[in-house]
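Enquirer: Fold the following.
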Amino acid sequence: MTNALAIPRIVIGAATSGAGKTTIAAGLMAALTARGLAVQPFKVGPDFIDPTHHTRCCGRACRNLDPFMMGEDGVRETFGRASAGADIAVIEGVMGLHDGVDGTSLGSTAHVARLLEAPVLLAVDAKGASRTVHAVVRGVAGYDPAVRVAGVVFNRIGSARHRELIERGRELPVLGWIPRDDALAVPSRHLGLSLADELASHDAFGDVVGAHVDLDGVIAIAGSATPITAPSPVPAAESDTTIGVALDSAFCFYYADNLDRLRDAGARLVFFSPATDDYPDVDALYIGGGYPELHAAALESGQARPAIARAAADGMPIWGECGGLVYLSRSLEADGRSHRMCGVLPTDSTMTGGIRGLGYVDGTCVAGPLPGLHDAGVRGHEFHYSDCSPDADARYALSLSRGRGLGGGRDGLFEHATIAGYTHAYFSDRFCSAFVRAARAFARR
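Expert: The predicted structure follows:
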């Protein structure tokens, strides 16, 4: 079955990364929310960090829209489900507007704009240029006739004279002129931008965009999007088992859809901090990615660590991703010190000085302790600054056709009923059903 979606929506795109998409998108979200609108935020691509900023600005969970991981129907379904009750949807793009997987359009901002038939507001960095910005706009806007670039916001305007020079040649409607202010930039560190909870600049984003962008014009463009159809959501199963989710400053990378799908499959989610909380009474564990290296001492001394090791040895189902893999390993070498981790998996982890894996992952589950997943496809993303050194007799659940994983075309170490790898997986309904069934079986032993 399908639903008709008549949701005002707008995509924030750019010619390149670094043009100000995140600042403008977050500012629009904050300014429209301040007007009293219910704004549903989205982020194109697999990123975890930008969505934390958008969630904070809107007070609604930001969702990823990624055709590579989700499929085209998945993009439409997530968009429709998450936008229920919203007045407007604001979608931040990724990289350049037309940049997709392997030099194609797959997974690009343009791809998502086409799928959702959404108009695009182009963010253009005007620093160091005047008339040339119109050549950039013309080229980007005219590259794919199926993508409607409906307006432009010029970023980093240096002066009134700078704006006057640009105004002389404009061809598309200009919705905003944002002055140069380096204080508005979101600082970065390894794994990307700083998290939303580490910044106090979101109100400033909204104030600047509210003062320098035509919000009525943005709302009008968003409202010009025509209705589309999307697959209807699957009704949720009754909750009859409990899954613990590690959620704190060390483990904070989760796709909102993954959590929803676990709930839909019949799980009640309990969130806890492995660094500071007692181990919860649960039937399975999901330990996502994040920054365990920044909290290694607290994780080592936390009461949850030995309890998780005992639960794993007892056969509790556990799924770990990236930071979760590191935490479930025997040890973590970081900042010149070795820290004891859970010791569930036969490997040790070491932080490195550079990126060890970055990009999409595509694989198949070929082994492992979760019944019902044999030959199941797994798609996701990896981005890590650590290495693992598994024992020679270690066992792997995933065979990769794309991505680095743990090396040698393999990922997903498993021991007992624990599986963990570098892949941040976008959960399928099949995976969630299998994981919840395993949790239910463990609880009823």
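Enquirer: From here on, just use CA atoms for contacts and neighbour counts.
Expert: Fine.
Enquirer: Next, residue 333: secondary structure please.
Expert: Here residue 333 is recorded as strand under DSSP: H, G, I helix; E, B strand; the rest coil.
Enquirer: Look up the closest residue to it, ignoring the ones flanking it.
Expert: Setting aside the residues directly before and after it, residue 333 is nearest to residue 350 in space (CA to CA, 6 or more residues apart in numbering), at 4.6 Å.
Enquirer: Near that neighbour, how many residues? Count them for me, please.
Expert: Summarising burial for residue 350: neighbours were counted as other CA atoms under 10 Å, giving 20.
Enquirer: Skip ahead from the helix or strand bottoming out on mean pLDDT in the chain and say which helix or strand is next.
Expert: Every helix and strand of the chain was ranked by mean pLDDT, DSSP states H and E. The lowest is strand 192-193, at a mean of 44. Using DSSP states H and E, the helix or strand that follows strand 192-193 towards the C-terminus is helix 202-212.
Enquirer: Can I get that next one in PDB? Just the C-alpha atoms.
Expert: Extracted C-alpha coordinates of helix 202-212, given in PDB (Å, rounded to 0.1, in the frame of the first residue of the first chain):
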ATOM      1  CA  HIS A 202      22.500  26.800  17.300                       C
ATOM      2  CA  ASP A 203      20.500  29.900  18.400                       C
ATOM      3  CA  ALA A 204      23.100  32.000  16.600                       C
ATOM      4  CA  PHE A 205      22.600  30.000  13.400                       C
ATOM      5  CA  GLY A 206      18.800  30.700  13.600                       C
ATOM      6  CA  ASP A 207      19.300  34.400  14.400                       C
ATOM      7  CA  VAL A 208      21.600  35.000  11.500                       C
ATOM      8  CA  VAL A 209      19.400  33.000   9.000                       C
ATOM      9  CA  GLY A 210      16.300  34.700  10.300                       C
ATOM     10  CA  ALA A 211      17.800  38.100   9.800                       C
ATOM     11  CA  HIS A 212      19.400  37.500   6.400                       C
END
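Enquirer: Pull the residues that contact it.
Expert: For helix 202-212, contacts defined as CA atoms under 8 Å, 6 or more residues apart in numbering pick out 23-24, 26-31, 53, 57, 176-178, 184.
Enquirer: Just the helices from this structure, written as ranges.
Expert: Using DSSP state H, the helices found in the chain span residues 21-34, 49-58, 67-70, 72-83, 109-116, 132-142, 160-167, 202-212, 215-223, 256-264, 296-301, 304-313, 323-328, 429-443.
Enquirer: So what touches the fifth one?
Expert: Contact partners of helix 109-116, identified using CA under 8 Å, 6+ apart, comprise 11, 13, 44, 65-67, 72, 75-76, 93-100, 105, 119-120, 146-147, 228.
Enquirer: swap in the first one?
Expert: Among residues not part of helix 21-34, those counted as contacts by CA under 8 Å, 6+ apart are 12-14, 38-39, 41, 50, 53-54, 57-58, 90-93, 123, 184-186, 202-210, 215.
Enquirer: The same query, at a cut-off of 7 Å, please.
Expert: Applying CA atoms under 7 Å, 6 or more residues apart in numbering, the contact partners of helix 21-34 are 12-14, 39, 53-54, 57-58, 90, 92, 123, 185, 203, 205-207, 209-210.
Enquirer: Which strand residues bridge the closest residue to residue 320 other than its chain neighbours?
Expert: Excluding its sequence neighbours, the residue lying closest to residue 320 (CA to CA, 6+ apart) is residue 420, at 4.2 Å. Residue 420 has these beta-bridge partners by DSSP bridges: residue 320, residue 413.
Enquirer: Poorly predicted segments of the stretch 101-250 of the chain, please.
Expert: The stretch 101-250 of the chain contains residues with pLDDT under 70 at 183-202.
Enquirer: Show the end-to-end separation of stretch 286-302, please.
Expert: From its first residue to its last, stretch 286-302 covers 17 Å (CA to CA, to the nearest Å).
Enquirer: Touching, residue 354 and residue 385? I think so.
Expert: Yes. Here residue 354 lies in contact with residue 385, judged by CA atoms under 7 Å, at a distance of 5.7 Å.
Enquirer: Which residue of the two possesses the greater neighbour count?
Expert: Comparing residue 354 with residue 385 by other CA under 10 Å, the one with more neighbours is residue 385, at 17 against 10.
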